[in-house]
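> got a predicted structure plus its sequence, pasted below:
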Amino acid sequence: MTYAPRQTRYDDMPYRRCGRSGLLLPAISLGLWHNFGHDTAHETKRAICRRAFDHGITHFDLANNYGPPPGSAEEAFAEILRTDFHGLRDQLIISSKAGYRMWDGPYGEMGSRKYLVASCDQSLKRLGLDYVDIFYSHRFDPDTPLEETMMALDQIVRSGRALYVGLSSYNSRRTREAHAILASLGTPCLIHQPSYSILNRWVETEGLKETLAELGIGSIAFTPLAQGILTKKYLNGIPESSRAAQGKSLDPATITPRALASVRQLNALAEARGQTLAQMALAWVLRDGGITTALIGASSPDQVTDCAGAVGNLEFTAEELAKIDSISEEKDINLWAKSSSD
Ligand SMILES: NC(=O)c1ccc[n+]([C@@H]2O[C@H](COP(=O)([O-])OP(=O)(O)OC[C@H]3O[C@@H](n4cnc5c(N)ncnc54)[C@H](OP(=O)(O)O)[C@@H]3O)[C@@H](O)[C@H]2O)c1
């Protein structure tokens, strides 16, 4: 069936300025890390993307290795661009990244110019696009001079392969260094993509949030729902269809009775605010304007609708924030800590 985007899609979603740039991003963005590989029906992928766009979610985040197999999420999104989203390219912000292992041999990962430029070309081919809006260095590479990685990003912009560049999981010190190199090359650093949620607060303790505000870099917080822990999903056990049951990135061992006890209390607080737990978790990430957009994943269109509803209430009282702090213990769930420790 032909897809006609909802006419009122831009009415409810706030669009927030990404750092000191001209680019506005929706408060909620959709990532295609999971549920866009060959293990998911194409109809489900289409339905999730259409629902997102109908809610004013204009930003779709990819990476070279999203799948499985790696590359297949970009191919699936290309199909959606060719069909449902045909004619909508200029209403979309599409990102991709390179940093993790993508192909065999010494040139298939990390931060060399050789890898980043070749990977960007491969992503564009898979996506069927002339350019992506944002291209990221997916992780910090301690063995490649930062100048080389940033020169590769600058080259990617100057050659027309991307409009803007970003960093993912770089710590404050490396972000400052990268920002300075990019500024000297004349390609500003648009955005930083760190993990961040009620249960994973390294961007606060490490000072990254302040660094980004000072440098005028926008931010897109990934895994804001702690891969689903910050929803009602696991309150009565681990559902068969859930990410924790799939043997992928969410270790069921992290869903302990103690963790669930605090999720139950968070859920009660969300209900008292008139929100679902997922909505409150997203509102918390967006609460003080320090984060430009919350980058969710979804396995169904209804999850997207639930998450998009977070923007209905982004305000917290001081008491609510203190309560969230007192009942949520930080968990060892930051799988990306290595990149920000170098
Ligand atoms: N830069 C990086 O290194 C990096 C790393 C990881 C992720 N990312 C980006 O961040 C994006 C989001 O990551 P994520 O998928 O882990 O984020 P997330 O939003 O924390 O978790 C998404 C999962 O939570 C569950 N969920 C979502 N909405 C729900 C709702 N309303 N009710 C109940 N359950 C709900 C679903 O789990 P089920 O599948 O179990 O239903 C969904 O797959 C990725 O797609 C990717 O673009 C970037």
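Ah, there it is.
> list of residues touching stretch 61-74?
29-33, 36-39, 77, 94-102, 119, 122-123, 126-127, 136, 138, 193, 220, 222, 295 (Cβ atoms under 8 Å, 6 or more residues apart in numbering). To be clear about C-beta, it is placed using only N, CA and C from the backbone, and glycine gets the same treatment.
> give me the mean pLDDT for that stretch.
Averaging pLDDT along stretch 61-74 gives 98.
> just how off-centre is that stretch within its chain?
When distances are taken as Cα atoms, centre = their mean, to the nearest Å, stretch 61-74 is centred 14 Å away from the chain's centroid.
> can you give me the end-to-end distance of it?
Terminal residues of stretch 61-74 are spaced 10 Å apart (Cα to Cα, to the nearest Å).
> which parts of it are buried?
By 16 or more other Cβ atoms under 10 Å, the buried positions in stretch 61-74 come out as 61, 62, 63, 64, 65, 66, 67, 70, 71, 72, 73, 74.
> please compute how far the helix or strand hosting the last one lies from its chain's middle.
So that's residue 74. Taking DSSP states H and E as the definition, residue 74 sits inside helix 72-82. Distance, stretch centre to chain centre, for helix 72-82: 18 Å (Cα atoms, centre = their mean).
> just after it, pick out the following helix or strand.
strand 93-98.
> the closest residue to residue 84 other than its chain neighbours in helix, strand or coil?
Leaving out its chain neighbours, the residue that sits closest to residue 84 by Cβ to Cβ, 6 or more residues apart in numbering is residue 3, at 4.1 Å. Of the three states, residue 3 takes coil under DSSP: H, G, I helix; E, B strand; the rest coil.
> who touches stretch 173-191?
18-21, 23, 134, 137, 140, 146-147, 149-151, 153-154, 157-158, 164-167, 170, 192, 208, 211-212, 215, 217-220, 292, 340, 342.
> list the buried residues for that stretch?
Of all the residues in stretch 173-191, those buried under the rule 16+ other Cβ under 10 Å are 174, 175, 178, 179, 181, 182, 185, 187, 188, 189, 190, 191.
> helix, strand, or coil at the second one?
For residue 175, the assignment made with three-state DSSP gives helix.
> how about the third one?
Three states are possible here, and by three-state DSSP the one that applies to residue 178 is helix.
> what's the separation between it and residue 210?
Here the criterion is Cβ to Cβ, to the nearest Å. By it, residue 178 lies 16 Å from residue 210.
> what do you get for the fifth one?
Between residue 181 and residue 210 the computed distance is 20 Å (Cβ to Cβ).
> what do you get for the last one?
Spatial separation of residue 191 from residue 210 under the definition Cβ to Cβ is 16 Å.
> span of stretch 265-285 from start to end?
So stretch 265-285: terminal residues 18 Å apart, Cα to Cα.
> let me redo that: stretch 201-210
With Cα to Cα as the measure, stretch 201-210 spans 13 Å from end to end.
> that stretch: how far from the chain's middle?
Centroid separation between stretch 201-210 and its chain, computed with Cα atoms, centre = their mean, is 17 Å.
> do any residues in that stretch lie close to the ligand?
No. Stretch 201-210 does not reach the ligand (Cβ under 6 Å from any ligand atom); its nearest approach is 12.7 Å.
> in that stretch, what's buried?
201, 202, 203, 206, 208, 209.
> now stretch 243-257
Quick answer for stretch 243-257 (16+ other Cβ under 10 Å): 243, 244, 250, 254, 255.
> in contact with the last one, which residues?
Under the criterion of Cβ under 8 Å, 6+ apart, the neighbours of residue 255 are 229, 234, 238, 244.
> quick one: contacts of stretch 117-131?
Here stretch 117-131 makes contact (Cβ under 8 Å, 6+ apart) with 62, 64, 71, 74-75, 77-78, 81-82, 89, 94, 96, 98, 102, 107, 132, 135, 152, 155-156, 160-163.
> filter those residues to the buried ones?
62, 64, 71, 74-75, 77-78, 81, 94, 96, 98, 102, 132, 135, 152, 155-156, 161-163.
> picking that back up, adding distance to residue 14, write the buried residues of stretch 201-210 out as TSV.
Shown next, in TSV, are the buried residues of stretch 201-210 (distance: Cβ to Cβ, whole Å):
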residue	distance to residue 14
201	23
202	26
203	21
206	27
208	23
209	19
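> closest to residue 259 among these?
Closest approach between the buried residues of stretch 201-210 and residue 259, by Cβ to Cβ: residue 201, at 15.2 Å.
> ok, now how distant is that closest one from residue 4?
Applying Cβ to Cβ to residue 201 and residue 4 gives a distance of 41 Å.
> count of neighbours near the nearest residue to residue 9 once chain neighbours are set aside?
Leaving out its chain neighbours, the residue that sits closest to residue 9 by Cβ to Cβ, 6+ apart is residue 56, at 4.8 Å. For residue 56, the count of nearby residues is 21 (other Cβ atoms under 10 Å).
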